[in-house]
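Enquirer: pasting the structure only:
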């Protein structure tokens, strides 16, 4: 009977259910931030992490105003991005400059659009380097360009006013093109794939005082993905609050008889609230060949 049962079963039609396996391709986003000079989202996001501000270890007090209102937004410091052609082509321009009304921030302001007294990094005109750190989404193969704008010569930074596009020059002072098929073709961009960085080089216009550089990292038309950010820079002066000087590192220039820079110092300003305080040191030498 056992064998007969098996034969009976084989006499029935074989029913087979087929399942379709569908693979959904998720977009892979580029993520990055300008590291050197440090953009606002590098200072308040990487250097000072949101949890340091929110949970009692505020080494960078200036970041509290930017990061405290939203306990989660600060962790997306590398994701200030849109899918468009950016400042040079989008019309009308979005309301918020530094975040470009980023999709990841509900098309509104980011923490780095916050109106406050942003610290500025010592800087100068002439050929300068701007380095992007893209370790959170290291897209080299479809990187297309980097673009930079700077505030106008008459711009006066105001810690109580939001940045406007009219504060900036209408034309980029630097456009750096990149093709990963010939990565060494453009001397003004150096891909560092081991460290997930791009070094870009630009001729920066001369300015005086506190200015802002708005920058974009753009990918090819296949994605039209673009990452945005702002760098606060101080021309001809050290414009960092006292707490930030030690975080800035060495940024010095040398002439024949003096060295001017911003190495860590221990300032003494007992009558100051330590906001908007600038410190500058000069070391003189009697040796003209120094």
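Expert: Received the coordinates, thanks. Nothing here was measured: the structure is a model prediction, and the numbers come from that model.

Enquirer: report how many residues lie close to the residue lying closest to residue 121 once chain neighbours are set aside.
Expert: Spatial nearest neighbour of residue 121, chain neighbours left out: residue 37 (4.4 Å); criterion: Cβ to Cβ, 6 or more residues apart in numbering. (Each C-beta comes from the backbone N, C-alpha and C, glycine too.) Using other Cβ atoms under 10 Å, residue 37 is surrounded by 22 other residues.

Enquirer: quick one: pLDDT of residue 37?
Expert: In this model, residue 37 is scored at 97, pLDDT.

Enquirer: cool, and residue 204?
Expert: On the pLDDT scale, residue 204 gets 98.

Enquirer: for it, list the residues it contacts.
Expert: Shown in contact with residue 204 (Cβ atoms under 8 Å, 6 or more residues apart in numbering): 123, 124, 125, 126, 127, 128, 150, 173, 174, 213.

Enquirer: would you list the phi and psi of it?
Expert: Dihedral angles of residue 204 (phi, psi; degrees, to the nearest 10) stand at phi -90, psi 130.

Enquirer: who's residue 219 bridged to?
Expert: For residue 219, the beta-bridge partners are residue 143 (DSSP bridges).

Enquirer: can you check the distance spanned by stretch 173-192, start to finish?
Expert: This stretch, stretch 173-192, spans 24 Å end to end (Cα to Cα, to the nearest Å).

Enquirer: average pLDDT across it?
Expert: Stretch 173-192 comes out at a mean pLDDT of 97.

Enquirer: cool, and stretch 220-231?
Expert: For stretch 220-231, mean pLDDT is 91.

Enquirer: pretty sure the residue nearest to residue 121 is touching residue 231, no?
Expert: Yes: between residue 37 and residue 231 there is a contact at 5.0 Å, judged by Cβ atoms under 8 Å.

Enquirer: list residues touching both of those two?
Expert: Common contacts of residue 37 and residue 231, defined by Cβ under 8 Å, 6+ apart, comprise 121, 130, 213.

Enquirer: right, and the first one touches residue 230 too?
Expert: I take that to be residue 121. No: the criterion here is Cβ under 8 Å, and residue 121 misses it with residue 230 at 11.8 Å.

Enquirer: what about the two, which has more around it?
Expert: Legend: neighbour count by other Cβ under 10 Å for residue 121 and residue 230, higher for residue 230 (24 against 21).

Enquirer: which of the shared contacts of residue 37 and residue 231 fall within strands?
Expert: Applying DSSP state E to the shared contacts of residue 37 and residue 231, the entries found in strands are 121, 130, 213.

Enquirer: quick one, helices of this protein?
Expert: 2-11, 40-43, 50-54, 64-67, 242-248 (DSSP state H).

Enquirer: relative to residue 150, how far out is residue 157?
Expert: Taking Cβ to Cβ, to the nearest Å as the measure, residue 157 falls 12 Å from residue 150.

Enquirer: those two - which one has more neighbours?
Expert: residue 150 (24 against 18).

Enquirer: bridge partners for the more buried one, pull those for me.
Expert: Under DSSP bridges, the beta-bridge partners of residue 150 are residue 213.

Enquirer: residue contacts, it?
Expert: Taking Cβ under 8 Å, 6+ apart as the test, what residue 150 contacts is 168, 169, 173, 204, 205, 207, 211, 212, 213, 214.

Enquirer: what about residue 98, neighbour count?
Expert: 26.

Enquirer: ditto for residue 126
Expert: Residue neighbour count, defined by other Cβ under 10 Å, stands at 9 for residue 126.

Enquirer: test my guess that it contacts residue 205.
Expert: No: the pair residue 126 / residue 205 is not scored as a contact, 9.3 Å apart, by Cβ under 8 Å.

Enquirer: are any of the contacts of residue 150 buried, and which?
Expert: 168, 204, 205, 207, 211, 212, 213, 214 (16 or more other Cβ atoms under 10 Å).
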